[in-house]
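Student: pasted the sequence and its predicted model underneath.
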There are 2 protein chains.
Amino acid sequence: MLSKKTKYALHALTYLGKHRESKTVLIHDIAEEHGISHKFLENILLELKKAGLLGSKKGKGGGYYLIKEPKDIPLSKVIRLLDGPIALLPCVSINYYEPCAECKSEAACGIKKVMAEVRDETLKILENKTLEDILTNE
Amino acid sequence: MLSKKTKYALHALTYLGKHRESKTVLIHDIAEEHGISHKFLENILLELKKAGLLGSKKGKGGGYYLIKEPKDIPLSKVIRLLDGPIALLPCVSINYYEPCAECKSEAACGIKKVMAEVRDETLKILENKTLEDILTNE
DNA sequence: TATAAACCCTATTTATTTTATAGACTTTAT
DNA sequence: ATAAAGTCTATAAAATAAATAGGGTTTATA
């Protein structure tokens, strides 16, 4: 399951996607719309900004805005950013690789082999679904 | 990512699958093979038994054994059992449905719609990969 | 029939991760 | 100047996962 962080990030991105005609959107408005803690959301938006998905304007009249096309924001990107690996095991993660402590030989591990396939197929799904798909369903 | 519980369950099932010629296998042997806590694994095997994947024999000379064909044990089953939902959001979970607190209208939620599609496609993958696939790769 | 081996069951503790909060700082429009 | 808004880092609280503990029951076998 996705963490609340990722879920809230998706809500925020959706909200921003729906308000692209406004120059900026307030954290406050997004938080209120979904009854999310303002401060918690603040951290999330900051991460999205650092990752290059959002831009922001400081000071009075400021706020956040999307700087990518919705079609260029795949679920895989958002999930990796806030939740980490998409692979089901660390030993088959592309971006967060780590060996499994209990594994004797990675080369001979059938679980690893199968999980690498699962990862490839899962990635296909999550790279193909984008914010645009969410927006067209709203 | 999978929890250690699920990961250990897969290791145990693999071990049992490799030793189907023996009548029974000791928790001890599986735990030792992978350096897993005996007691932790005990709980896991008990769950697998209650779910109908394993049989056991009590008392001296006892142990566990597979009671299903490896091809009839899909990853989806093991994951659901120990980790819970396969869906990325509670509101699209088949077996563990719960509404999302921050969602105003499930019917109009684009995130939900997309996540339901992700769930369907993910399920296809995890229902198709079975213990047999793991065993043939060992 | 006593004994030791092995699984069964429930509860509790410990560790880790996630979620949430706090507060001081910086920028900017008016 | 002032107030509005994002930036940043740290900490606290809550939830979940991982591990441990210990007594109970069953069974082979000497």
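Tutor: Arrived safely.

Student: is the residue lying closest to A:Leu26 once chain neighbours are set aside in a bridge, and if so with what?
Tutor: Nearest residue to A:Leu26 in three dimensions, chain neighbours excluded: A:Gly63, at 4.8 Å (C-beta to C-beta, 6 or more residues apart in numbering or on different chains). Where C-beta positions appear, they are placed from N, C-alpha and C, glycine not excepted. Residues in a beta bridge with A:Gly63, per DSSP bridges, are A:Lys57.

Student: make sure A:Gly63 is actually in contact with A:Thr24.
Tutor: Yes - with contact defined as C-beta atoms under 8 Å, A:Gly63 reaches A:Thr24; the gap is 3.0 Å.

Student: give me the common contacts of those two.
Tutor: Shared contacts of A:Gly63 and A:Thr24 (C-beta atoms under 8 Å, 6 or more residues apart in numbering or on different chains): A:56-57.

Student: higher neighbour count, the two?
Tutor: Remark: of A:Gly63 and A:Thr24, A:Gly63 carries more neighbours, 20 against 14, as counted by other C-beta atoms under 10 Å in any protein chain shown.

Student: wait, does the longest helix seen in chain A contact chain B?
Tutor: Scanning chain A for the helix with the most residues, using DSSP state H, yields helix A:110-128. Yes - contact of helix A:110-128 with chain B (C-beta under 8 Å from any C-beta of the partner chain) involves A:110-111, A:113-114, A:117-118, A:121-122, A:125-126.

Student: and the contacts of that helix?
Tutor: A:74-76, A:79, A:86-89, A:91-94, A:100, A:103, A:106, B:7, B:10-11, B:14, B:75, B:118, B:121-122, B:125-126, B:129, B:133-138.

Student: in chain A, which spans are strands?
Tutor: Assigned by DSSP state E, chain A shows strands spanning A:54-57, A:63-66.

Student: now the closest residue to A:Asp133 other than its chain neighbours: how far from DNA strand C?
Tutor: Distances taken as C-beta to C-beta, 6+ apart place B:Val114 nearest to A:Asp133, at 5.0 Å, with adjacent residues excluded. Going from B:Val114 to DNA strand C by C-beta to the nearest atom of the strand, to the nearest Å gives 19 Å.

Student: same deal with A:Asp83?
Tutor: For A:Asp83, the distance to DNA strand C - C-beta to the nearest atom of the strand - is 7 Å.

Student: equivalent analysis for A:Thr122, please.
Tutor: With the distance defined as C-beta to the nearest atom of the strand, A:Thr122 ends up 18 Å from DNA strand C.

Student: kindly report the same for A:Lys5.
Tutor: A:Lys5 is 4 Å from DNA strand C, by C-beta to the nearest atom of the strand.

Student: what's around that residue, how many residues?
Tutor: Neighbours of A:Lys5 using other C-beta under 10 Å come to 17.

Student: what do you get for A:Ile79?
Tutor: A:Ile79 has 19 nearby residues by other C-beta under 10 Å.

Student: quick check: closest non-adjacent residue to it.
Tutor: A:Thr6 (5.7 Å).

Student: just to revisit the earlier point, would you convert the residues of helix A:110-128 next to chain B into a markdown table that also reports pLDDT, neighbour count and distance to B:Ala31?
Tutor: Formatted as a markdown table, the residues of helix A:110-128 next to chain B follow (pLDDT from 0 to 100; neighbours: other C-beta atoms under 10 Å in any protein chain shown; distance: C-beta to C-beta, whole Å):
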| residue | pLDDT | neighbour count | distance to B:Ala31 |
| --- | --- | --- | --- |
| A:Gly110 | 97 | 19 | 19 |
| A:Ile111 | 98 | 26 | 17 |
| A:Lys113 | 98 | 18 | 23 |
| A:Val114 | 98 | 24 | 22 |
| A:Glu117 | 98 | 16 | 28 |
| A:Val118 | 98 | 22 | 26 |
| A:Glu121 | 98 | 16 | 32 |
| A:Thr122 | 98 | 20 | 30 |
| A:Ile125 | 98 | 20 | 35 |
| A:Leu126 | 98 | 20 | 35 |
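
Student: so what's the residue nearest to A:Leu26 up against?
Tutor: Applying C-beta under 8 Å, 6+ apart, the residues contacting A:Gly63 are A:23-27, A:56-57.
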